[in-house]
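[1] sequence first, then the predicted structure:
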Amino acid sequence: MNTPIAPNTAAPASSTISMEASSANRVQPEIVTASTVIAKSGLPNDPPDKHRLNWAIAPVLFLFHVGAVAALFFFSWKRLIVAVVLYWLTGGLGLGVCFHRLLTHRSFATPKWMEYFLTVCGVAALEGGPLLWVANHRRHHQFADKEGDPHSPRDGKWWSHAGWILVGNALRPDPVIFERYVPDLGADKFHVWLTKYHLFPSLVVGCILFAIGGFRLVLWGTFFRTVVGLHATWLVNSVSHIWGTRRFATRDTSTNNWWLALLTFGDGWHNNHHAHPVSARHGLMWHEIDVNWYTICALQQLGLASRVQTAQLPVR
C-alpha cells in the first residue's frame, strides 16, 4: 500500500538530509530561465581543490570517452540493444531505483536480497560504491546550491557537470563523511564490501560481454553505455539546477526537464524531487513520464516493494 506524504516529510533517522522549507508547498507554474535560476544561488563557492586535476580519474574517463567514440564505428543493432538493456539495468534499476530512491531517501523498502541485487546493478554503472554515491547525494540535499554542495552550478556550469569529478577529492572515500552521512549503510557489511570492491561487478560484466561478442560488444556494452550513463547523471547535477521549469518554490535552483526525465528514467523531474525528497514518485502529473516509479510499482505488485512513500500535488 502506498503511503501519501506531505511535502518535505523528514528523512529517515539515519540520514542527515535537510528538507526544504514550507514554501516548497506552493505550486509555481512560472518558466525559469538560466539567468533566473543562477541569480537565486548567491555567491560561488571556492573549493580548495577546484583547480587540481585528479590524475587517478581523469585518464580513465578520457579512455572511456575514446572507447565510446570508437564504438560508433562498429555499430550493429545487436550491440545497441545490449547497451540499452545494460543502461536500464545499471542507470535505471541500479542508480535511479536503488542508489537514489531506495538507499539515499528510503522512499520504499524491499527484501535485503533484492536490495543487494539492485545495489550490484548500481555499482555496475561505474559511479562508485553505494556509500560514496549516497553520501554525496545526501550532502547535495543538505546543502543544495549552498556552500557544501559537492556539485552546484554556483561554482560554474562545467563544475556542476563533470568538473567536480575531474578535480579535487570528491570521489575519495572519507570515513568521517561516511560516518556522518551514511551510518545506515556503513553498518551493513555487504554495502561496505561493495564500496571497497565496486569495480568487480563491471569486470565481470566486461568479461561476459567479451565472451559473447568480443571487444566490439565490450565497446558498446561497457564503454559507450557507461559514458552515456555518466553524462546522464551529471546532467541532473548541472542542467537540472540551471535550465527548466519550477513547479515548487524550493530554496535551491532545482528545475524539471522532460527530456532529461526520459534520459534518466524519471530523475529529470528534479524540482519535484527537491520539493518531495522522500517520495518514490518524481513525475507527479500523469504526463510526467517516470519509468523508475513504474518499476517500483511493478516491484510492489510482485511483493518486492513495501512502505512506498508518494507525494501528491496540493489541491488548488
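    Cool, the structure landed.
[2] look up how far Leu209 lies from His65.
    19 Å (C-beta to C-beta, to the nearest Å). C-beta here means a position set from N, CA and C on the backbone, and glycine is covered the same way.
[3] wait, Ala109
    33 Å.
[4] more neighbours, these two?
    Leu209 (23 against 15; other C-beta atoms under 10 Å).
[5] and the nearest residue to that one once chain neighbours are set aside, what is it in contact with?
    Among residues not flanking Leu209 along the chain, Gly221 sits closest, at 4.4 Å (C-beta to C-beta, 6 or more residues apart in numbering). By C-beta atoms under 8 Å, 6 or more residues apart in numbering, the contact list for Gly221 reads 79, 82-83, 86, 205-206, 209, 213.
[6] do the same with Ala170
    By C-beta under 8 Å, 6+ apart, the contact set of Ala170 is 136, 150-151, 164.
[7] buried residues in stretch 85-104?
    86-104 (16 or more other C-beta atoms under 10 Å).
[8] sorry, that was for stretch 107-116
    Neighbour count says stretch 107-116 has 107-108, 110, 114-116 buried, by 16+ other C-beta under 10 Å.
[9] and that stretch, C-alpha only, in PDB?
    C-alpha atoms of stretch 107-116 as PDB (Å, rounded to 0.1, in the frame of the first residue of the first chain):
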ATOM      1  CA  SER A 107      11.400   6.000  -0.400                       C
ATOM      2  CA  PHE A 108      10.400   2.400  -0.200                       C
ATOM      3  CA  ALA A 109      11.500  -0.900   1.400                       C
ATOM      4  CA  THR A 110      12.500  -4.200  -0.200                       C
ATOM      5  CA  PRO A 111      13.800  -7.500   1.000                       C
ATOM      6  CA  LYS A 112      17.600  -7.500   1.700                       C
ATOM      7  CA  TRP A 113      18.400  -9.900  -1.100                       C
ATOM      8  CA  MET A 114      16.600  -7.600  -3.500                       C
ATOM      9  CA  GLU A 115      18.300  -4.500  -2.100                       C
ATOM     10  CA  TYR A 116      21.700  -6.200  -2.600                       C
END
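[10] now do that stretch, average pLDDT.
    Stretch 107-116 comes out with an average pLDDT of 98.
[11] same question for stretch 294-310.
    97.
[12] how far out from the middle of the chain is it?
    In terms of C-alpha atoms, centre = their mean, to the nearest Å, the gap separating the centre of stretch 294-310 from the centre of its chain is 19 Å.
[13] tell me which residues of that stretch are tucked away?
    Across stretch 294-310, burial judged by 16+ other C-beta under 10 Å covers 295-297, 299-300, 304-305, 308-310.
[14] show me the two of the residues you listed that sit farthest apart.
    Leu304 and Thr310 (17.0 Å; C-beta to C-beta).
[15] now for Val176, how many residues are close by?
    Neighbours of Val176 (other C-beta under 10 Å): 7.
[16] give me the neighbour count for the nearest residue to Leu53 once chain neighbours are set aside.
    Excluding the flanking residues, the one nearest Leu53 by C-beta to C-beta, 6+ apart is Val167, at 5.5 Å. By other C-beta under 10 Å, 18 other residues sit near Val167.
[17] how about Leu171?
    Residues near Leu171, counting by other C-beta under 10 Å, number 18.
[18] residue contacts, it?
    Per C-beta under 8 Å, 6+ apart, neighbours of Leu171: 54, 57, 128, 132, 165.
[19] what about the fourth one, which SS state?
    Pointing back at Leu132 there. With DSSP: H, G, I helix; E, B strand; the rest coil as the basis, Leu132 sits in helix.
[20] number of nearby residues for it?
    Neighbour tally, Leu132, other C-beta under 10 Å: 21.
[21] residues contacting it?
    Residues in contact with Leu132 (C-beta under 8 Å, 6+ apart) are 171, 173, 195.
[22] one more time with 10 Å, if that's ok
    Each residue near Leu132 by C-beta atoms under 10 Å, 6 or more residues apart in numbering is listed here: 170-174, 177-178, 182, 185, 195, 198.
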